[in-house]
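Undergrad: model this:
(one chain, ligands or ions: 2)
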Amino acid sequence: MTDNKIFEQLHSKDNTYKNLYDGEWVESNTKELIEIKSPIDGTVVGKIQAMNKEEVNKAIKNSKEAQKLWAEVPLNRRADILYRAADILEDNAERLAEILTLEIAKDKKSSISEILRTADYIRFTADSAKQLEGETIPGDSFPGTTRNKISFVTRVPLGVVLAISPFNYPINLSASKIAPALVVGNSAVIKPPTQGSISTLYLAEVFNRAGLPKGVLNTITGKGSDIGDYCVTHEDIDFINFTGSTEVGRHISSISVMKPLLLELGGKDAAIVLEDANIDKAVDNIVSGAYSYSGQRCTAVKRILVMESIADELVEKLKVKVRALKTGDPRKEGVVITPLINSKAADFVMELIKDAKDKGGKLITGGNREENTIYPTLFDNVTLDMRLAWEEPFGPVLPIIRVKSIEEAIDIANRSTYGLQGAVFTENIDKAFYIANKLEVGTVQVNNKPERGPDHFPFLGVKSSGMGTQGIRYSIEAMSRLKAIVLNLNNAE
Ligand code: NAP
Ligand code: G3P
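TA: Residues are numbered from 1 along each chain as shown. Ligands and ions are numbered 1, 2, ... in the order given. This is a model prediction of the structure:
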């Protein structure tokens, strides 16, 4: 049931949002604020605090203290708090989806599904944590050791987890760091994307309402370029769980010396379409994979590698579907192509479009812009000298590269610096496995678009796409460590 007053303390009457600190919503002392404007029409969604380093330090120190007690709370009680959080989130899905839509211009349907998926994620995390088991290892299996030694191996928390999330899933990619971190006894400090902060602050209150002890979850708002380096190098941060661009991920990894890191970064996922593919199925998957949320997904299909013999048919069918995509205000029913997150992002996509046009790419549809909305764009005959063949647009632009053989497709796919996912469309399972085995990526989808879910599957990028593995059980494991206690008996031989 929805409680209308539940989020009242998050912001003042003029929509100035506060931060969660030690269980209370507080304003920054500096009174420096950042206006969050909607990408839809520029209206102010609210203002957030630009915290300074002193305040960031206070928040992290508070989480450090809180973690000691939280780690002592029995796992079943930590899990109960997560179940409550999932229920609160679900009960308030409509309301939070409206905020999400306004703040990041995600279409209505995808906003609701992000929130419901997050509630499921949180519940599944609690379930999975309860199934975690340790092991005992007898010493005498190792040469020269007698039966007097046994190692008891269990999982313990790391301490304070710094969660940094990107703008495109501010609720889901914050919760998928916070929930696994908390359930194993870490405390968490969340630094949300600036554009996406408001949605994430609502999520923080969901956890707070669910009964988290004070300080177990604190929020830090402010620009990553101002406070990011300070956060990631702070002495009391024990683990960094980052999702965002390769550029920022690489930077964090270069300065956060000796801190364990999980990085989920950019991608250039290829969909390889073979002669024997079910073309209609491939077209449906490619269109939804490439264009949903205007292509602002790390796992979006970002290039097609198609066999020449079927390329004309594929392009024709894609053209029809891409032209039918509804463009406009994300609050309207059925809209898929919405304004990009900001004008810088739209400028970048237009640069890639211009470069492809200048170098002879065949524009099949789109290529035009209205403010920050880029109409869904499809390019055929993209060649390897074009930026569109290699760079991640994070916008609704799809390049088609025609290839002559499977080997050529694999070679081009693997020449990318990215290695998140890949897709193969074919009715031949042997060819599917042959290609899947050769692709240098975290996951290969056979006859489906690249995608992160279901969320208990492992999700990882290689090369410039990341480091470490997410996915519910894998995230819990990444944010905990083994602890061994060795029992040395006197009375065994
Ligand atoms: P971004 O610009 O890299 O920002 C990501 C987060 O990092 C934001 O919270 C940002 O804060 C923060 N940040 C910026 N500079 C920082 C610093 N020096 N230290 C610490 N934090 C810092 O990425 P984005 O534009 O939000 O997201 C788009 C990118 O994320 C794409 O490349 C996409 O592929 C990738 N992504 C990857 C995955 C995956 O699972 N592999 C999932 C989603 C997105 P501010 O907002 O304040 O700058
Ligand atoms: O870009 C966000 C990434 O996590 C993609 O998730 O579910 O859209 O494949 P999904």
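Undergrad: for the residue positioned nearest the centre of the chain, give its distance to ligand 2.
TA: In the chain, the residue lying closest to the centroid (Cα atoms, centre = their mean) is residue 173, at 4.4 Å. Shown here: residue 173 relative to ligand 2, a distance of 6 Å by Cβ to the nearest ligand atom, to the nearest Å. Bear in mind the C-beta positions are built from the backbone N, C-alpha and C, glycine included.
Undergrad: then residue 462?
TA: Residue 462 is 16 Å from ligand 2, by Cβ to the nearest ligand atom.
Undergrad: number of nearby residues for that residue?
TA: Neighbours of residue 462 under the rule other Cβ atoms under 10 Å: 14.
Undergrad: excluding chain neighbours, what is closest to residue 79?
TA: residue 126 (3.8 Å; Cβ to Cβ, 6 or more residues apart in numbering).
Undergrad: and that neighbour, how many neighbours does it have?
TA: Around residue 126 there are 24 other residues, counting by other Cβ under 10 Å.
Undergrad: backbone dihedrals for it, please?
TA: phi -60, psi -40 (degrees, to the nearest 10).
Undergrad: before we move on, what about residue 444?
TA: Backbone dihedrals for residue 444, given as degrees, to the nearest 10, come out at phi -120, psi 130.
Undergrad: what bridges to it?
TA: Beta-bridge pairing for residue 444 (DSSP bridges): residue 422.
Undergrad: wait, isn't residue 478 in contact with residue 468?
TA: Yes - the pair residue 478 / residue 468 is scored as a contact, 5.6 Å apart, by Cβ atoms under 8 Å.
Undergrad: tell me how far the residue nearest to the centre of the chain lies from residue 375.
TA: Applying Cβ to Cβ, to the nearest Å, the value for residue 173 to residue 375 is 27 Å.
Undergrad: same check, this time on residue 98
TA: Distance, residue 98 to residue 375, using Cβ to Cβ: 26 Å.
Undergrad: more crowded one of these two?
TA: Taking other Cβ under 10 Å, residue 98 and residue 375 do not tie; residue 375 has more neighbours (17 against 14).
Undergrad: ok, how many other residues are close to the residue nearest to that one when sequence neighbours are not counted?
TA: With sequence-adjacent residues excluded and distances taken as Cβ to Cβ, 6+ apart, residue 375 is closest to residue 366, at 4.4 Å. Other residues near residue 366 come to 21 when the count uses other Cβ under 10 Å.
Undergrad: repeat for the one 10 residues further on
TA: Residues contacting residue 376 under the criterion other Cβ under 10 Å number 25.
Undergrad: residues in contact with it?
TA: 291, 322-323, 325, 327, 337, 365-366, 396 (Cβ atoms under 8 Å, 6 or more residues apart in numbering).
Undergrad: now with 7 Å?
TA: 291, 322, 325, 327, 337, 365-366, 396 (Cβ atoms under 7 Å, 6 or more residues apart in numbering).
Undergrad: just the helices from this structure, written as ranges.
TA: Taking DSSP state H as the test, the helices found in the chain are 53-70, 75-91, 93-104, 108-130, 172-183, 197-209, 229-232, 246-255, 279-291, 308-323, 343-358, 406-415, 429-438, 472-478.
Undergrad: quick one: buried residues of the third one?
TA: Of the residues in helix 93-104, those scored as buried under the neighbour-count criterion (16 or more other Cβ atoms under 10 Å) are 93, 96-97, 99-104.
Undergrad: what angle do that helix and helix 172-183 make?
TA: On the basis of axes from the mean of the first three to the mean of the last three Cα atoms, to 10 degrees, helix 93-104 is oriented at 120 degrees to helix 172-183.
Undergrad: can I get helix 93-104 in PDB? Just the C-alpha atoms.
TA: Taking only C-alpha atoms (Å, rounded to 0.1, in the frame of the first residue of the first chain), the coordinates of helix 93-104 have been written out as PDB:
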ATOM      1  CA  ALA A  93       6.800   1.700  -8.100                       C
ATOM      2  CA  GLU A  94       4.400   4.100  -9.900                       C
ATOM      3  CA  ARG A  95       5.600   7.100  -8.000                       C
ATOM      4  CA  LEU A  96       9.300   6.300  -8.300                       C
ATOM      5  CA  ALA A  97       8.900   5.500 -12.000                       C
ATOM      6  CA  GLU A  98       7.500   9.000 -12.600                       C
ATOM      7  CA  ILE A  99      10.500  10.500 -10.900                       C
ATOM      8  CA  LEU A 100      12.800   8.300 -13.000                       C
ATOM      9  CA  THR A 101      11.100   9.300 -16.200                       C
ATOM     10  CA  LEU A 102      11.300  13.000 -15.400                       C
ATOM     11  CA  GLU A 103      15.000  12.900 -14.200                       C
ATOM     12  CA  ILE A 104      16.600  10.700 -16.900                       C
END
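Undergrad: list of residues touching that helix?
TA: Against helix 93-104 from outside (Cβ under 7 Å, 6+ apart): 2, 36, 38-40, 45, 106, 108, 111-112, 114-116, 167-168, 170-171, 195-196, 198-199, 202, 330-331, 341.
Undergrad: where does pLDDT dip in the stretch 201-350 of the chain?
TA: Counting by pLDDT under 70, the stretch 201-350 of the chain shows no low-confidence range.
Undergrad: how about the residues of it near ligand 2?
TA: Counting by Cβ under 6 Å from any ligand atom, the stretch 201-350 of the chain comes close to ligand 2 at 297-299.
Undergrad: can you add neighbour count and give these back as CSV?
TA: Formatted as CSV, the entries for these read as follows, by neighbours: other Cβ atoms under 10 Å:
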residue, neighbour count
297, 23
298, 29
299, 22
